[in-house]
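Engineer: Provided below for reference: sequence and predicted model.
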Amino acid sequence: MGTHNVSLCQTELATKKTCGIIAFRLTNFIFEAMPATKKKPRNNLPKAISLFSGAGGMDVGVRQAGFEVLTCVEWDPYCCQTLRRNIASEHQSTTVIEGDIREVDPKEVAKISGVRPKTLDLLFGGPPCQTFSLIGKQRGLKDERGLLLFQMARFAEFFQPRVVLLEQVKGLLSAKGEKGMRGEVFQHFLSDLERIGYVPKWRVLLAADYGVPQKRERLFVVATRGVNGFNFPEPTHTSDDAAHQLFGLQPHTSAGDALKGLGKPHPKIKGQTIYDNHQSHVDVTPERDRERIAQVPEGSYLAAQTHLSIELRRGLSPKDTTKYLRAHRKKPSNTLRCGEIFYHPTQNRYLTPREYMRIHGYPDSYQLCGPIRSRTGTVKNLDQHRQVANSVPPPLAKSLGAAIKAYLHEQDI
């Protein structure tokens, strides 16, 4: 899911070259594009624009489904670095706009993207979800981040794309608005889409049902102009027991399957956060945590080990089921979190950013930029673990993208 903040990037720059990309400032934003000599010629692929792009998980899946992503809009500088590095390495012609989306003029995005209103095929994005999360304070519209949800409707009103795709936590379905009514925020968003001529459909999807080794549930809204004939993709995977009963469905992919073949991670260097390591396979475990990790059985969590001393359990309550959690080799992982890093299934250490990427379904060729924090450390903006945990798993995005592309093809026929 994308990230955002009210602050703008303060770096003043004219023209510079980074990872083979030309960067230049227009108004208050940084725009990144491949040099003109390296741009690909326009093709016949359906065209898309990405908002709240984050580390690009949704973009990866949408591209894999057969779309050309023209432009990404994202605030977090490290996520923008990640986007630029992969755009350059894959020789894509995507433009990255770094800045506060509330200050971004859709007309400028249209000019940069080379599309006019009503010619864009897909507008997609995952606005910040913390304000609607079931594990958060659920402040809804009282939190300014919640208002960013409605930027999707603002851009849709200008571009009038054929399809709008939104990703959110399922807590949005029950989020209270200004009147304190459950579901008020979601209804307000749907009304905004309907006001500008869209018919929305929505469904909560489990990532594990689409080949992702993770039990991650998220809400997806697909809105089309006029009559909505879109059908959500059917699951391709299911639990081991059900797989034997349901013809054609594969068993869920396990965390153990996802982590195979990565080898020993690089050690974390004390005080260092930036690594010249494109694999991002770095062990962030402090030595004092290894003893605690050794006490947690596979698939369990530290708070459940009531036979241990309070010091070892860190005074956790029985409700702390996702803190100090060890993944299980034969099951999908729990939903990756920003606040905690899960333990490796068999080794006494935390998962590395690359292992997070494997569990999220990123290809091994995809590279993360930015800091790799210590387990107990903090860094400004999003570190690599959080970039992954905030994003949409690419295989799930690919399934949705393929279903949207099929819908567009049917409409053309």
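Structural biologist: Sure, I can see it.
Engineer: Centroid-nearest residue for the protein?
Structural biologist: The centre of the chain sits closest to residue 391, judged by C-alpha atoms, centre = their mean, with a distance of 1.2 Å.
Engineer: got the contact list for the closest residue to that residue other than its chain neighbours?
Structural biologist: Of all residues not flanking residue 391 in the chain, residue 57 sits nearest, at 3.2 Å (C-beta to C-beta, 6 or more residues apart in numbering). (Each C-beta comes from the backbone N, C-alpha and C, glycine too.) Residues counted as contacts of residue 57 (C-beta atoms under 8 Å, 6 or more residues apart in numbering) are 360, 361, 362, 388, 391, 392, 393, 394, 397.
Engineer: tell me the average confidence for stretch 162-179?
Structural biologist: For stretch 162-179, the mean pLDDT works out to 91.
Engineer: which one among the contacts of residue 57 gets closest to residue 127?
Structural biologist: residue 392 (11.9 Å; C-beta to C-beta).
Engineer: about what we covered before: if I look at the residue nearest to residue 391, how far off is residue 195?
Structural biologist: Per C-beta to C-beta, to the nearest Å, residue 57 is found 30 Å from residue 195.
Engineer: And for residue 359?
Structural biologist: 39 Å.
Engineer: quick one: which of these two has more around it?
Structural biologist: residue 359 (29 against 10; other C-beta atoms under 10 Å).
Engineer: ok, that one to residue 59 distance?
Structural biologist: Counting by C-beta to C-beta, the gap from residue 359 to residue 59 is 19 Å.
Engineer: So which residues of the stretch 151-300 of the chain form strands?
Structural biologist: 163-168, 198-206, 214-215, 217-225, 237-238, 250-251, 266-267, 282-283 (DSSP state E, counting those that start in this stretch).
Engineer: For residue 178, which of those is the nearest?
Structural biologist: Here strand 163-168 is closest among the strands of the stretch 151-300 of the chain (C-beta to C-beta), at 18.8 Å.
Engineer: What strands line up against the closest one, and which way round?
Structural biologist: Within its sheet, strand 163-168 is paired with strand 122-125 (parallel), strand 217-225 (antiparallel), according to DSSP bridges.
Engineer: Taking strand 198-206 as reference, get the angle to it.
Structural biologist: Between strand 163-168 and strand 198-206, the angle comes out at 40 degrees (axes from the mean of the first three to the mean of the last three C-alpha atoms, to 10 degrees).
Engineer: who touches the residue lying closest to residue 340 once chain neighbours are set aside in this structure?
Structural biologist: In space, residue 340 comes closest to residue 323 once its chain neighbours are excluded; the distance is 5.3 Å by C-beta to C-beta, 6+ apart. Neighbouring residues of residue 323 by C-beta under 8 Å, 6+ apart: 301, 302, 303, 316, 340.
Engineer: Tell me how far residue 323 lies from residue 265.
Structural biologist: 22 Å.
Engineer: do the same with residue 197
Structural biologist: Residue 197 is 51 Å from residue 265, by C-beta to C-beta.
Engineer: And residue 203, by the same measure?
Structural biologist: From residue 203 across to residue 265, the span is 37 Å (C-beta to C-beta).
Engineer: can you dump the C-alpha coordinates of the longest helix anywhere in the chain into PDB?
Structural biologist: Using DSSP state H, we find that the single longest helix of the chain is helix 394-412. Taking C-alpha atoms only, helix 394-412 is exported to PDB below (Å, rounded to 0.1, in the frame of the first residue of the first chain):
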ATOM      1  CA  PRO A 394       2.400  -8.600  -6.700                       C
ATOM      2  CA  PRO A 395       0.700 -12.000  -7.500                       C
ATOM      3  CA  LEU A 396      -2.600 -10.700  -6.100                       C
ATOM      4  CA  ALA A 397      -2.300  -7.400  -8.100                       C
ATOM      5  CA  LYS A 398      -1.500  -9.500 -11.200                       C
ATOM      6  CA  SER A 399      -4.700 -11.600 -10.700                       C
ATOM      7  CA  LEU A 400      -6.800  -8.400 -10.400                       C
ATOM      8  CA  GLY A 401      -5.000  -6.700 -13.300                       C
ATOM      9  CA  ALA A 402      -5.600  -9.700 -15.500                       C
ATOM     10  CA  ALA A 403      -9.300  -9.700 -14.600                       C
ATOM     11  CA  ILE A 404      -9.500  -6.000 -15.400                       C
ATOM     12  CA  LYS A 405      -7.700  -6.500 -18.700                       C
ATOM     13  CA  ALA A 406     -10.200  -9.200 -19.600                       C
ATOM     14  CA  TYR A 407     -13.100  -7.000 -18.700                       C
ATOM     15  CA  LEU A 408     -11.700  -4.200 -20.900                       C
ATOM     16  CA  HIS A 409     -11.200  -6.600 -23.800                       C
ATOM     17  CA  GLU A 410     -14.900  -7.700 -23.500                       C
ATOM     18  CA  GLN A 411     -16.000  -4.100 -23.500                       C
ATOM     19  CA  ASP A 412     -14.000  -3.500 -26.700                       C
END
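Engineer: Centre of the chain to that helix, how far?
Structural biologist: 18 Å (C-alpha atoms, centre = their mean, to the nearest Å).
Engineer: quick one: average pLDDT of that helix?
Structural biologist: 97.
Engineer: Okay, buried residues for it please.
Structural biologist: 394-405, 407-408 (16 or more other C-beta atoms under 10 Å).
Engineer: Fine by me, thanks again.
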